[in-house]
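1. what would the 3D arrangement of this be:
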Amino acid sequence: MKTILITGGVRGIGAAIARAFLKKYTRKEARVCVSYSKDEESAKELRLLGAETYLSNVASEAQVQALFEKIGGVDILVNNAGVSLIKQLQDTTLDDFKKVFSVNVEGAFLCSREASKSMISNQSGLIVNISSVWGEVGGSCESVYSASKAALIGFTKALAKELGYSGVRVNCISPGVIQTKMNACFSETDLQALKEEIPLGRLGVGEDVAKAVLFLEENDYITGADIPVNGGFCL
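-> Numbers count the residues shown, from 1 in each chain. Sure thing, here's the model as predicted:
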């Protein structure tokens, strides 16, 4: 039986990925585990679908270690937990910077470190880091967020080289503008303007990212890749 863990997995992109795995596998074929730091109602909904849910802050080393002790070995890890920050640089505090990096980068590091232990032992495994289009090209007034997501892309490529000889694949997905609560700060006018910049003519949805995760699971000759799921936004 496979064990799959999606961090930040009860809302938005994470929940879409969890639902995709729950649809693909029966409960006898895979355990779909999700971690979350808030939103108990959304966690309850996923539990009803068959997911295992764990309250855990990925920015805490102790909580991440406790999470993996409860779950055990993981075959697929999706580092999806993340926070955003929209501020001009001169208004950004050091605490703002540290909070973003503690979740977006340190969380992925801590979870990958724990997951890799059993993966290396089993000579098999997949880690998928969820970055962002802003990690690829940078976003105005999102310099810290962009830097954290760019760090994930670099982390992915380095870890793919490090773990490849142990049969572990590490890849990255960089979503474009996806319709989630994280984009609730944008007005309808802003979203319409963004839509007009996308060649495919629509905003993304969580299911678009989930399909890319399933693709990476199925193709076992891809590692170190950064897959853009952005509708052509950065062409």
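
2. and the strands in this protein?
-> Counting by DSSP state E, the chain has these strands, from start to end: 2-7, 30-36, 52-55, 76-79, 125-130, 168-175, 226-229.

3. walk me through which strands the longest one pairs with, and which way each runs.
-> Sheet partners assigned to strand 168-175 using DSSP bridges are listed as strand 125-130 (parallel), strand 226-229 (parallel).

4. quick one, the longest one and strand 2-7 angle?
-> What that stands for is strand 125-130. Interaxial angle, strand 125-130 versus strand 2-7 (axes from the mean of the first three to the mean of the last three CA atoms, to 10 degrees): 20 degrees.

5. contact partners of strand 125-130?
-> 13, 74-80, 82, 108, 112, 115-116, 118-119, 152-153, 155-156, 159, 163, 167-173, 175, 209, 213, 216-217 (CB atoms under 8 Å, 6 or more residues apart in numbering). No exception for glycine: its C-beta is placed from N, CA and C like everyone else's.

6. for the residue nearest to Lys24 when sequence neighbours are not counted, the count of nearby residues, please.
-> Counting by CB to CB, 6 or more residues apart in numbering, Lys24 lies nearest to Leu214, which is 6.7 Å off, once chain neighbours are set aside. For Leu214, the neighbour count with other CB atoms under 10 Å is 14.

7. of the contacts of strand 125-130, select the buried ones using a ChimeraX command.
-> Burial among the contacts of strand 125-130 is assessed by 16 or more other CB atoms under 10 Å; the matching ChimeraX selection reads:
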select :13,74,75,76,77,78,79,80,82,108,112,115,116,118,119,152,153,155,156,159,163,168,169,170,171,172,173,175,209,213,216,217
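
8. rewinding a little: deepest of the strands paired with strand 168-175, which one?
-> Burial of the strands paired with strand 168-175 is given as mean neighbour count (mean count of other CB atoms under 10 Å); strand 125-130 ranks first at a mean of 26.

9. for the spatially most central residue of the chain, what are its contacts?
-> Central residue of the chain (CA atoms, centre = their mean): Asn80, 2.0 Å from the mean position. By CB under 8 Å, 6+ apart, the contact list for Asn80 reads Ile6, Thr7, Gly8, Gly9, Ile13, Gly14, Ile17, Ile130.

10. one more time with 6 Å
-> Counting by CB atoms under 6 Å, 6 or more residues apart in numbering, Asn80 touches Ile6, Thr7, Gly8, Ile13, Gly14, Ile130.

11. closest one of the residues you listed to Leu22?
-> Leu22 has its nearest neighbour among the contacts of Asn80 in Ile6, at 10.5 Å by CB to CB.

12. cool, thanks, talk later.
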